[in-house]
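J.: fold the stuff below for me.
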Amino acid sequence: MNVIHEQISVRTSGQGTYEITDQARNFLRTSGLENGTLTVFCRHTSCSLVLMENADPSARTDLEAYLNKLVPENLPYFTHTYEGSDDMPSHIKMALTRSSETIPFANRQLLTGTWQGIFLWEHRIAPHSRNLVLTVIGE
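T.: As a prediction, this is how the structure comes out:
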């Protein structure tokens with residue numbers, strides 16, 4: 001069994017989803033491993049990861065709108081607002097979603113569904129550079 005890690009950076013331009021499927025596939029290809037699992041881990045507390053519809057962007061837009069309604073900014077009882085009105089909401093959104101995704105692969109191909117993509121989900125309004133750790137375990 002082999003384990004290989006790589007770190008990638010993703011630049012965001014504010015709230016939204018940013019597809020990283022191609023970066024994950026490229027890392028898997030260069031790993032030389034045939035079968036196993038790929039894990040993507042987000043090293044931040046104000047963004048998350050989601051395995052989501054990648055054919056119709058309106059599905060992601062609707063998901064973002066729903067979460068923004070569920071966790072709005074400027075709630076009077078938030079005390080953690082040091083970095084702005086989106087600070088605490090971004091932490092709650094991350095806690096309600098995921099900080100990692102694990103996907104099986106076979107014959108050097110991710111076993112995602114036809115319309116599934118891997119996305120970094122930025123919850124902050126301002127642009128950021130996000131660091132993700134990709135890990136493949138397999139043979």
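
J.: which SSE is the residue positioned nearest the centre of the chain in?
T.: With distances taken as Cα atoms, centre = their mean, the residue of the chain nearest its centroid is L49 (2.2 Å). Per DSSP states H and E: L49 is located in strand 47-53.

J.: got the contact list for that strand?
T.: The contact list for strand 47-53 (Cβ atoms under 8 Å, 6 or more residues apart in numbering) reads 12, 17, 40, 42, 59-60, 63, 90, 93-94, 97-101, 103, 112, 115-124, 128, 130, 132. The C-beta positions use only the backbone N, C-alpha and C, and glycine is treated the same way.

J.: all helices for the chain, in order.
T.: 21-31, 57-70, 87-96 (DSSP state H).

J.: so which of the ones you listed gets nearest I8?
T.: helix 21-31 (5.5 Å; Cβ to Cβ).

J.: now do the buried residues in that closest one.
T.: T21, Q23, A24, R25, F27, L28, S31 (16 or more other Cβ atoms under 10 Å).

J.: now do the same contact list for the second one.
T.: For Q23, the set of contacting residues under the criterion of Cβ under 8 Å, 6+ apart consists of I8, V10, L134.

J.: filter these down to just the ones in strands.
T.: I8, V10, L134 (DSSP state E).

J.: distance of the second one relative to T17?
T.: Right, the one you point to is V10. Distance of V10 to T17, computed by Cβ to Cβ, to the nearest Å: 11 Å.

J.: give me the common contacts of those two.
T.: L120.

J.: of those two, who's got more company?
T.: Between V10 and T17, T17 has the larger neighbour count (other Cβ atoms under 10 Å), namely 24 against 18.

J.: give the burial count for the closest residue in space to the more buried one that isn't next to it in sequence, as a bare number.
T.: Leaving aside its chain neighbours, T17 sits nearest to F119 (4.2 Å; criterion: Cβ to Cβ, 6 or more residues apart in numbering). By other Cβ under 10 Å, the residues close to F119 number 24.
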